[in-house]
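Student: Can you look at this prediction? I've put the sequence above it.
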Amino acid sequence: MPHTPRDTQPFAGTRDRFGPELRQRDYAQSVLAQYAHTRGYDRLEVPALERKASFSRQVVGASPWPEWNPKGVFELDVPDYGPGHTHTHQNTPAVLIPEGTVSVARWLASVLPAQTLPLKVFYDLPCWRNEAVDTLSPGKAREFRQFGVEILGVASAAADAEIITFIDGALRALGTPENAVRIRISDVGVFRALAEHSGFNETTTVAIKECLDALAECRAGKDPDRASGLDTRLDSLITDHPTETVERWRAMAHHDSGDIDPGLLATLGDVAPGYLERLASTAQALRQAGLNVAVDLGVVRSHEYYTGLAFEVDVVLPGASFVEIAGGGRYDHLIGHFAANGPGTVPASGFAFGIERLLAVMDACGTFTGTPTHQRAHHFGHSTADRLLVPKPTGDPVRDYLRAYATTSDHTDDRRVDLWVGEATDTDAIGRYAQARQIPETTSC
């Protein structure tokens, strides 16, 4: 049967790219890569094909990120041929990677325990999601790129603070104005504890999670007209439960103060003791460091994939708002699923930008209207940084980290500074880390 021109066109949600758009993307990617290098991160590259088992329910859970659907990945069978392609030894179910973190976790499990922890890596990857064709838009495609950063192998909250400062610094490097970045944070431990306390099954828990996360997006300015329908959906899920349970879920769903107020503590504090207090302290420390941080307990993202701090990042400009251009958090259980001895805890924290969303932000900020002044410093040796900066410990790792970070924020040379995010009193670990990364200078601050 003869084919028509339509038969050879790119699939819906994918497209050819040429010229200025790619020059803009090249610039954004080079700025992000240089910024990562100046902070002691090394690039990791993973294959576009991943075994389907890596994204199984046993590994990523029933709902690993917002709007997850198991049909939303491109599946294929990968045949292993024999000599001359005359025999097929086996067919292995695979997927085109829908995001980068799972593959990073799989890689780390494969190189432990040979690697000295913590590891700081970044990646820039093409990703694919089989979105429903009637939901496709310029900001939602089947083929897109992610730039992500992960800190692997350290449990300290200082690592979470570093991820957040990285996001803010990277956006500033891309031309985003001061105070335009808004970071909405939560702790999925509160959601998990309340779901368990309420006795919800998995189906109900996932449905409530999707409602809460979508309501948080509405508060941030993304399709706010959905809020009424989402409230109705949430009420239908919790209405048959005790009054106290209903009040607690409504407090989570309608949390719009931007902080942990006394009323919220009175309603939820006994369900997850200590969680809200730690979240409030972290938010306060980040604000005092100059970051625009709001607490929103609806930012759940996933109660299975994530284990602690979770966040979403917006850019709010005078004439436009860009909601959720990045998201991430702490995921201490994911890496263990890939380990030879089965599930275990390997602490990790990270985030990813959607590159296409970043380009829209940069365009709105006027980054592309003039001549870029970005200069690149290349380093080809084995050293990942010129200096390792160790915060002096006072008992609060987030504030200790932010105090040290403040000393690096105004440097104008090309020196690469790696901030230590592990235990500041473990001098042996600090020494091993500096030696493994061939960092010539270690100082405390």
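Tutor: Cool, the structure landed. Numbers count the residues shown, from 1 in each chain.
Student: For stretch 437-445, buried residues please.
Tutor: Using 16 or more other CB atoms under 10 Å as the test for burial, stretch 437-445 gives 437, 439, 442. All C-beta atoms are positioned from the backbone trio N, CA, C, and that covers glycine.
Student: Pull the residues that contact it.
Tutor: When contacts are defined by CB atoms under 8 Å, 6 or more residues apart in numbering, stretch 437-445 is touched by residues 40, 116, 381-392, 403-404, 407, 418, 430-431, 433-434.
Student: Can I have the buried ones of those as a ChimeraX selection?
Tutor: A single ChimeraX command selects the buried members of these (16+ other CB under 10 Å):
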select :40,384,385,386,387,388,389,390,391,403,404,418,430,433,434
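Student: Which of the contacts of stretch 437-445 fall within strands?
Tutor: If you go by DSSP state E, the contacts of stretch 437-445 have 387-390, 418 in strands.
Student: how about the strands of this protein, start to end?
Tutor: According to DSSP E, the chain carries its strands in the segments 42-43, 49-51, 75-81, 88-96, 119-128, 143-152, 181-187, 293-295, 309-316, 321-330, 348-354, 387-390, 417-419, 442-444.
Student: Can you lay out these as a markdown table showing distance to Leu265?
Tutor: As requested, those are arranged in a markdown table below (distance: least, CB to CB, whole Å):
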| stretch | distance to Leu265 |
| --- | --- |
| strand 42-43 | 41 |
| strand 49-51 | 42 |
| strand 75-81 | 46 |
| strand 88-96 | 43 |
| strand 119-128 | 35 |
| strand 143-152 | 30 |
| strand 181-187 | 14 |
| strand 293-295 | 12 |
| strand 309-316 | 18 |
| strand 321-330 | 22 |
| strand 348-354 | 25 |
| strand 387-390 | 34 |
| strand 417-419 | 32 |
| strand 442-444 | 36 |
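Student: mind putting those strands in CSV, distance to Gly13 and mean pLDDT included?
Tutor: Formatted as CSV, the strands of the chain follow (distance: least, CB to CB, whole Å; pLDDT from 0 to 100):
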stretch, distance to Gly13, mean pLDDT
strand 42-43, 27, 96
strand 49-51, 19, 96
strand 75-81, 16, 93
strand 88-96, 13, 91
strand 119-128, 9, 96
strand 143-152, 7, 96
strand 181-187, 28, 97
strand 293-295, 32, 97
strand 309-316, 23, 97
strand 321-330, 19, 95
strand 348-354, 14, 96
strand 387-390, 44, 96
strand 417-419, 39, 96
strand 442-444, 48, 95
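Student: Select, out of those strands, the one closest to Ala36.
Tutor: Nearest of the strands of the chain to Ala36, taken as CB to CB: strand 119-128 at 4.2 Å.
Student: Double-check Leu230 against Asp213; I have them as touching.
Tutor: No. Using CB atoms under 8 Å, Leu230 is not in contact with Asp213; the gap is 9.8 Å.
Student: what about these two, which has more around it?
Tutor: Using other CB atoms under 10 Å, the more surrounded residue of Leu230 and Asp213 is Asp213, with 26 against 18.
Student: What residues does that one make contact with?
Tutor: Residues in contact with Asp213 (CB under 8 Å, 6+ apart) are 66, 298-301.
Student: Could you identify the pair within those residues that is furthest apart?
Tutor: So, those by CB to CB: farthest apart are Pro66 and Gly298, at 11.0 Å.
Student: The two - which one has more neighbours?
Tutor: With neighbours defined as other CB under 10 Å, Pro66 and Gly298 compare such that Gly298 has more, 24 against 19.
Student: Please name the residues that touch the nearest residue to that one once chain neighbours are set aside.
Tutor: Nearest non-adjacent residue to Gly298, counting by CB to CB, 6 or more residues apart in numbering: Ala216, 3.4 Å away. Taking CB under 8 Å, 6+ apart, we find Ala216 in contact with 184, 296, 298-300, 312.
Student: mind redoing it with 10 Å?
Tutor: By CB atoms under 10 Å, 6 or more residues apart in numbering, the contact set of Ala216 is 66, 184, 186, 222, 252-253, 255-256, 296-301, 312, 323-324.
Student: so where is the protein shaky, pLDDT-wise?
Tutor: By pLDDT under 70, the weakly predicted segments of the chain are 1-5, 341-343, 371-378, 410-414.
Student: can you list the domain ranges for it.
Tutor: 1-180+317-376, 195-304, 385-445 (automatic domain parsing).
Student: mind checking how far the residue nearest to Gly298 is from Thr101?
Tutor: As defined by CB to CB, to the nearest Å, Ala216 lies at a distance of 20 Å from Thr101.
Student: now swap in Lys140 and tell me
Tutor: Applying CB to CB, the value for Lys140 to Thr101 is 19 Å.
Student: of the two, who's got more company?
Tutor: Thr101 (24 against 16).
Student: can you count the residues close to the residue lying closest to the more buried one once chain neighbours are set aside?
Tutor: Leaving aside its sequence neighbours, Thr101 sits nearest to Gly350 (CB to CB, 6+ apart; 6.0 Å). Using other CB under 10 Å, Gly350 has 25 neighbouring residues.
Student: Contacts only, for Gly350.
Tutor: So Gly350 contacts 100-101, 104-105, 120-123, 148-152, 159-160, 163, 166, 328-331 (CB under 10 Å, 6+ apart).
Student: if we go to 6 Å?
Tutor: The contact partners of Gly350, taken as CB atoms under 6 Å, 6 or more residues apart in numbering, are 149-150, 328.
Student: tell me which of these is nearest to Pro83?
Tutor: Closest to Pro83, out of all of the contacts of Gly350 and judged by CB to CB, is Glu150, at 39.3 Å.
Student: State the distance from that closest one to Glu423.
Tutor: Separation of Glu150 from Glu423 (CB to CB) stands at 19 Å.
Student: cool, Arg357 as well?
Tutor: Taking CB to CB, one finds Arg357 at 36 Å from Glu423.
Student: number of nearby residues for Lys52?
Tutor: Lys52, neighbours per other CB under 10 Å, totals 16.
Student: shouldn't it be in contact with Val95?
Tutor: Yes. Counting by CB atoms under 6 Å, Val95 is a contact partner of Lys52 at 5.3 Å.
Student: one step back: quickly list what the residue nearest to Thr101 is bridged to.
Tutor: Per DSSP bridges, the residues bridged to Gly350 are Glu150, Gly329.
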